[in-house]
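Trainee: Take this sequence and fold it.
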Amino acid sequence: MTGHPVAAAPGSGVQVIVGAGGATGRRLVAHLHAAGHRVRAVTRDGRDVGTPGVETAAADAADGAALTAACRGAAAVHHCVLPALERWTSDLPVVTDALLDAAARVGARLVYADDTWMYGRVAGPMTEDTPWRPVSPRGVLRAWIAERVLAAAATGRVQVSVVRAGELYGPGVRSLVAGNVFLPALRGWPVQWFGDPDLPLTPTFVDDFAATLAAAGTRDTADAGVWHVPHPAPTTGRALTAEACRQAGTRLRLVSHGSARVRLLGRLHPLVRDVAEMAYQFEQAFVVDGRRAARAFALTPTPYREGVHRTLAALR
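Mentor: Numbering: from 1, shown residues only. Below you'll find the model as predicted:
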């Protein structure tokens with residue numbers, strides 16, 4: 001994503017990224033460091049996250065005392081922790097509460113990396129004002145956690161920015177689209193698509209998610225800001241997979257699976273159950289409207305052709 005650099009202000013506090021070892025966290029660290037901010041990358045073991053010159057710290061995101069210590073001096077604490085899907089219910093609320101508490105204790109803004117599951121079935125593009133009507137258990141969980149984050153801001157406990165992405169793709173990303181499109185395209189295998197491949201779609205390039213999180217953490221002044229990641233004009237699953245195969249030099253063989261088949265397979269195979277819960281998103285127009293953030297932060301989304309190129313390059 002391009003736009004005006006989010007330059008560091010003299011004396012501004014450190015930008016702390018908790019969950020810095022994940023695909024989004026790593027790119028966020030890189031964005032903030034490139035803009036001249038002091039950055040602290042927090043992971044469970046304090047490992048290097050690929051950007052020379054940034055501070056590292058070790059903390060379990062569920063350990064309030066360790067987390068608060070890792071966030072000392074922060075201007076913003078970025079919540080990029082994303083447990084494995086099977087641990088969302090047990091871990092995500094605990095981690096989010098710990099991060100809210102740590103941000104409040106050190107006087108920092110909490111920037112929460114969110115998704116769009118809480119919107120449920122929609123009849124048009126999803127905006128920041130779209131009502132929450134989740135239709136899946138994890139959508140309900142996401143809505144409940146977002147409500148906790150925004151409630152903390154409403155009580156004056158902490159300032160927050162909630163940044164929502166659609167279906168992610170890009171280097172290092174694990175998602176329904178990322179896992180089923182790019183490696184098969186590169187290897188010449190059939191590309192599996194869950195849902196209708198001809199409906200409008202705005203997949204979120206991971207760098208665009210990171211750039212929007214960076215902008216919110218350094219430029220959002222609202223007590224409770226909610227932002228959608230900017231996207232190019234909608235594409236379709238068929239067009240995205242065709243572009244991936246074109247760049248990979250392979251022939252497109254697209255196999256689509258409707259939600260009825262996915263639900264049936266989910267009853268038989270536990271690994272398909274998570275796919276079945278998400279399949280509804282791809283049987284409606286899955287369009288995320290991020291124009292508000294694009295205007296506010298002067299952000300320009302990455303064209304799909306470039307995003308596909310960078311994703312395939314990372315796999316190669």
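Trainee: Run a quick neighbour tally on residue 260.
Mentor: 11 (other CB atoms under 10 Å). For glycine as for every other residue, the C-beta is placed from the backbone atoms N, C-alpha and C.
Trainee: On the three-state scheme, it is what?
Mentor: With DSSP: H, G, I helix; E, B strand; the rest coil as the basis, residue 260 sits in helix.
Trainee: And the strands in the stretch 201-316 of the chain, which stretches?
Mentor: For the stretch 201-316 of the chain, the strands defined by DSSP state E, counting those that start in this stretch occupy 204-205, 224-228, 235-236, 254-257, 299-300.
Trainee: list the helices and strands the third one packs on?
Mentor: Identification of packing neighbours for strand 235-236 by 3 or more CB pairs under 8 Å, 6 or more residues apart in numbering; DSSP states H and E yields strand 200-201.
Trainee: Out of the strands of the stretch 201-316 of the chain, point me to the one whose mean pLDDT is lowest.
Mentor: Note on these: strand 254-257 shows the lowest mean pLDDT, a mean of 90.
Trainee: quick one: strands adjacent to that strand?
Mentor: Here strand 254-257 is paired, per DSSP bridges, with strand 191-194 (parallel).
Trainee: can you list contacts of the strand it pairs with?
Mentor: With CB atoms under 8 Å, 6 or more residues apart in numbering as the contact definition, strand 191-194 has outside contacts at 176, 180-181, 184-185, 237-238, 241, 244-245, 252-257, 259, 262, 275, 278-279, 282.
Trainee: Just give me how far that strand sits from the chain centre.
Mentor: Taking CA atoms, centre = their mean, to the nearest Å, one finds strand 191-194 lying 21 Å from the centre of the chain it belongs to.
Trainee: With just CA atoms, put it into CSV.
Mentor: Extracted in CSV, the C-alpha atoms of strand 191-194 (Å, rounded to 0.1, in the frame of the first residue of the first chain):
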residue,chain,number,x,y,z
VAL,A,191,-7.4,-24.6,-7.6
GLN,A,192,-10.1,-25.2,-5.0
TRP,A,193,-12.6,-22.4,-4.5
PHE,A,194,-15.2,-22.6,-1.7
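Trainee: Distance to residue 167 and mean neighbour count added to the strands of the stretch 201-316 of the chain, as TSV?
Mentor: Shown next, in TSV, are the strands of the stretch 201-316 of the chain (distance: least, CB to CB, whole Å; neighbours: other CB atoms under 10 Å):
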stretch	distance to residue 167	mean neighbour count
strand 204-205	7	29
strand 224-228	13	22
strand 235-236	12	18
strand 254-257	16	16
strand 299-300	19	18
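Trainee: Include distance to residue 105 when you put the ones you listed into TSV, please.
Mentor: Listed next are the strands of the stretch 201-316 of the chain as TSV, based on distance: least, CB to CB, whole Å:
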stretch	distance to residue 105
strand 204-205	31
strand 224-228	19
strand 235-236	43
strand 254-257	47
strand 299-300	31
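Trainee: Just list the residues touching residue 217, thanks.
Mentor: 15, 32, 75-76, 78, 109, 111, 161.
Trainee: Helices - which of these land there?
Mentor: The helices, defined by DSSP state H, take in residue 32 from these.
Trainee: what's the first-to-last distance across stretch 154-169?
Mentor: With CA to CA, to the nearest Å as the measure, stretch 154-169 spans 33 Å from end to end.
Trainee: Please state the offset of it from the chain centre?
Mentor: Going by CA atoms, centre = their mean, where stretch 154-169 is centred and where its chain is centred differ by 11 Å.
Trainee: what does stretch 176-185 give?
Mentor: On CA atoms, centre = their mean, the centre of stretch 176-185 falls 17 Å from that of its chain.
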